[in-house]
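> need a 3D model of the following:
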Amino acid sequence: EAEFDDQGVALDWASFNNGSAVVSFSPVTAAPLVSSGESAQRISIAQASQPDRYTGLYQQMEVVANQPYTLTLHGQIRTGQGDTQASSYGYRMQYALDMAGGADWRDVAAENWVELPWDEQPLDSPDVKYLPYTTVITPTTDQVTLFVRTWNKWADPGLAEYTLDDLGLVGVSSAPPVLIAASPDGPDDGDALIPVTGDNGPASFLTDARFWGAMLILLLLSASAIYRGRWGY
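Predicted coordinates:
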């Protein structure tokens, strides 16, 4: 069963926004709006009275400094404008990493926000799709904060809905496990958390017992063949 707090924010996450709009967080369970599991995180923005309205989520995580991790995000942007030219890409999503592990999105420099390459989709379309994004990051400290924010560029009385699901941070080397909520499904759901298993590379044959066992059998068979050939057996 999916678990959210009283404000509709997925557990292990916290929310933020800069006001001048009606903002809400809620679970969504309709199939086209869920990437995997039972639910996804919806962020709705309406009645924006000023441009540049931001709202989003963040999570602080323990990591291993100087170890690479793969960051994966899946999301949707749905508006009444859809992908028409009238929108002029007025609704976007961005992410940023605070290598100091801070909890204030406003402390992140503007140049450190990365715009996700996700175009808008029609709000009422039954065929909306999840769009992926993957990158490799290398933390410089042992705690980082992942911020994901929505961005209404223009003052707009209409409704924009942003949906997030299947967020993951996975070690690609010998980094030990880190847990990040992959979707708003609760921690009792196996799809909700992604453990970082790491990849230590292929085992060396010098330390592989199966290799040496096979070599011993080959040596014994060779010795037996030589013995029989020599003595005529």
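
> how many residues are close by residue 122?
By other CB atoms under 10 Å, 15 other residues sit near residue 122. Where C-beta positions appear, they are placed from N, C-alpha and C, glycine not excepted.

> so how far is residue 99 from it?
From residue 122 across to residue 99, the span is 38 Å (CB to CB, to the nearest Å).

> before we move on, what about residue 31?
37 Å.

> neighbour count for the two, which is higher?
A direct count of neighbours by other CB under 10 Å for residue 31 and residue 99 places residue 99 higher, at 17 against 6.

> can you show me the strands along this protein?
Ranges of strands within the chain are 14-17, 22-28, 40-48, 53-62, 69-79, 91-98, 114-115, 121-122, 131-137, 143-152, 156-171, 179-181, 193-195, based on DSSP state E.

> ok, which of the ones you listed comes nearest residue 6?
Nearest to residue 6 among those is strand 22-28; the distance by CB to CB comes to 10.3 Å.

> name the residues that touch that closest one?
2, 4, 7-10, 15, 17, 34, 39-47, 55, 57, 163, 184 (CB atoms under 8 Å, 6 or more residues apart in numbering).

> and the residue nearest to residue 114 when sequence neighbours are not counted, bridged to which residues?
Nearest non-adjacent residue to residue 114, counting by CB to CB, 6 or more residues apart in numbering: residue 95, 5.6 Å away. Beta bridges link residue 95 to residue 114, residue 148, judged by DSSP bridges.

> for the chain, what helix or strand is lowest in average pLDDT?
The weakest-scoring helix or strand in the chain, judged by mean pLDDT, DSSP states H and E, is strand 193-195 (a mean of 31).
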